[in-house]
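Engineer: Provide a 3D model corresponding to the input given below.
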Amino acid sequence: MKNTEYNWFKFFNVSGFGAKSIHYIFHNLQTHGLIINDLFELDFSQLQNYFPEIGRGKFSRASLSSLHQLDGDKIYNYFQKLKEEKVHIIGLDDERYPKSVLENMQDNAPPILFCKGYLPLLNSQGISIVGSRDVDDFGIMLTKSIASKLAKNGYNVTSGYAKGVDTSAHLGALEAGGTTTMILSFGVNHISIKREMKDLNWERNSLFVTQFPPYDKFSGQNAMMRNKLVCAMSQAIVVIASGPERDNEGRMSGTFDAGKSALKMNIPVFVLSPQVLKPTPQGNIDLIKLGGVEFSNVNDIVNYLTEHKREPVLVQEPKVKTYHKSATKNKNGRTSKSKKTKTPTDGQASFNF
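Structural biologist: Residues are numbered from 1 along each chain as shown. Okay, here's the model as predicted:
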């Protein structure tokens with residue numbers, strides 16, 4: 001019998017089934033004392049009996065007959081290729097599936113997570129750092145400093161692996177010898193290790209997670225969906241710089257959406273004090289009005305989480321290598337040691353590290 005990971009992957013490839021219909025099937029299987037491995041052993045009459053709503057109403061796009069119309073050999077070969085590339089397929093009933101996602105997203109939780117890297121980070125106490133792709137050098141410095149501080153306090157730093165704040169958060173954690181989780185807006189087939197990370201201990205201290213099919217490319221819609229998962233996998237969200245909810249052309253800010261989503265999930269949202277950055281990010285002001293906690297000292301975040309009994313669960317293995325010095329390349333391609341903390345200029349408010 002092929003294993004549970006394969007059967008989840010097989011179900012994921014059934015035409016017409018989305019997250020809600022997969023959740024419906026899964027819950028009904030549990031009700032009848034069955035598991036995902038039993039699904040493809042049921043005959044059509046049993047399927048109709050166990051899942052009467054499929055093909056109707058909100059599940060009208062799904063068809064039970066599709067469960068018996070798969071190219072099993074093709075799917076299994078693809079599955080084997082993913083396993084050879086060390087991709088883990090984590091279904092809803094997998095004990096490794098992040099408990100915080102099930103709690104925070106419930107029936108909206110992604111039915112499958114494709115993961116590559118150090119799996120215990122799935123259930124570590126993570127803090128997500130989010131912000132603009134176009135943040136300036138000062139914002140990047142702040143982000144790396146915050147990520148470093150959180151990593152040194154035992155928290156797993158989570159972000160969306162985009163340029164700007166996201167990448168700076170991942171780098172800050174790794175350079176501090178900590179761990180980080182990259183939550184992707186595309187499939188695992190398109191993972192590319194960023195140049196800045198290649199000299200760090202990323203292979204042992206990081207985890208890639210995506211809810212999208214392996215072949216999916218980046219899209220704005222995927223990025224917005226990814227933001228919900230970023231929130232759900234975290235015990236707190238740190239907003240560095242956010243644009244307004246919508247810009248002058250009506251485009252929604254992904255950072256603002258992440259902050260707003262976290263607030264709806266009752267996850268603490270820490271928003272960098274608006275006056276720290278120039279120009280003042282309007283989204284930071286608005287998120288604070290909605291209930292975000294304004295901060296200008298990263299220790300405020302650590303103290304808050306400690307006081308509210310959100311201490312980190314430290315990862316025991318593998319051992320984290322500490323990097324006392326980090327190297328960066330300047331514009332001329334030369335390598336230089338990391339500089340000391342910069343002093344804010346051009347009217348930027350001071351930030352307490």
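Engineer: and the nearest residue to residue 180 once chain neighbours are set aside, what pLDDT?
Structural biologist: Leaving aside its sequence neighbours, residue 180 sits nearest to residue 173 (Cβ to Cβ, 6 or more residues apart in numbering; 4.2 Å). The way it works is simple: take the backbone N, C-alpha and C, and place the C-beta from them, glycine included. Residue 173 carries a pLDDT score of 96 in this model.
Engineer: Quickly note the distance from residue 173 to residue 219.
Structural biologist: According to Cβ to Cβ, to the nearest Å, residue 173 and residue 219 sit 27 Å apart.
Engineer: between these two, who's got more neighbours?
Structural biologist: For residue 173 versus residue 219, the count of surrounding residues by other Cβ atoms under 10 Å is larger for residue 173: 32 against 12.
Engineer: need the next SSE after the helix or strand encompassing the more buried one, C-terminal direction.
Structural biologist: Element membership of residue 173, judged by DSSP states H and E, is helix 165-175. Per DSSP H and E, the first helix or strand lying C-terminal to helix 165-175 is strand 180-183.
Engineer: Okay, buried residues for the helix or strand that that following strand is followed by please.
Structural biologist: Next in sequence after strand 180-183, counting helices and strands by DSSP H and E, comes helix 202-205. Under the neighbour-count criterion of 16 or more other Cβ atoms under 10 Å, helix 202-205 has 202, 205 buried.
Engineer: Let's verify the most far-flung residue of the chain relative to its centre: helix, strand, or coil?
Structural biologist: In the chain, residue 45 marks the outermost C-alpha relative to the chain mean, sitting 39.4 Å out by Cα atoms, centre = their mean. With DSSP: H, G, I helix; E, B strand; the rest coil as the basis, residue 45 sits in helix.
Engineer: if I look at it, how far off is residue 52?
Structural biologist: Relative to residue 52, residue 45 is positioned 12 Å away (Cβ to Cβ).
Engineer: repeat for residue 190
Structural biologist: Distance of residue 190 to residue 52, given as Cβ to Cβ: 39 Å.
Engineer: Residue 251 too?
Structural biologist: Applying Cβ to Cβ to residue 251 and residue 52 gives a distance of 42 Å.
Engineer: For the closest residue to residue 265 other than its chain neighbours, give me phi and psi.
Structural biologist: Distance criterion Cβ to Cβ, 6+ apart; nearest residue to residue 265, sequence neighbours excluded, is residue 104 at 4.6 Å. When read as degrees, to the nearest 10, the backbone of residue 104 gives phi -80, psi -30.
Engineer: What segments of the stretch 101-250 of the chain are helices?
Structural biologist: With helices called from DSSP state H, counting those that start in this stretch, the stretch 101-250 of the chain shows them at 137-152, 165-175, 202-205, 220-232.
Engineer: for the second one, packing partners?
Structural biologist: What that stands for is helix 165-175. Using 3 or more Cβ pairs under 8 Å, 6 or more residues apart in numbering; DSSP states H and E, the elements in contact with helix 165-175 are strand 126-130, helix 137-152, strand 156-159, strand 180-183, helix 202-205.
Engineer: Please put the alpha-carbon coordinates of that helix into CSV.
Structural biologist: Extracted C-alpha coordinates of helix 165-175, given in CSV (Å, rounded to 0.1, in the frame of the first residue of the first chain):
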residue,chain,number,x,y,z
VAL,A,165,12.0,43.1,4.6
ASP,A,166,11.3,39.4,4.2
THR,A,167,14.8,38.5,3.0
SER,A,168,16.3,40.8,5.6
ALA,A,169,14.4,39.0,8.3
HIS,A,170,15.6,35.6,7.1
LEU,A,171,19.2,36.8,6.9
GLY,A,172,19.1,38.5,10.3
ALA,A,173,18.0,35.2,11.9
LEU,A,174,20.6,33.1,10.1
GLU,A,175,23.5,35.5,10.7
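Engineer: Of all the residues in it, which ones are buried?
Structural biologist: By 16+ other Cβ under 10 Å, the buried positions in helix 165-175 come out as 165, 166, 167, 168, 169, 170, 171, 172, 173, 174, 175.
Engineer: Which residue, neighbours along the chain excluded, lies closest to the fourth one?
Structural biologist: So that's residue 168. In space, and not counting its chain neighbours, residue 168 is closest to residue 143: 4.0 Å by Cβ to Cβ, 6+ apart.
Engineer: Report how many residues lie close to the one you found.
Structural biologist: Residue 143: 29 surrounding residues under other Cβ under 10 Å.
Engineer: what do you get for residue 104?
Structural biologist: Residues contacting residue 104 under the criterion other Cβ under 10 Å number 22.
Engineer: Repeat that for residue 72.
Structural biologist: Residues near residue 72, counting by other Cβ under 10 Å, number 11.
Engineer: picking that back up, state the distance from the residue farthest from the centre of the chain to residue 198.
Structural biologist: Look at residue 45 and residue 198: by Cβ to Cβ, they are 55 Å apart.
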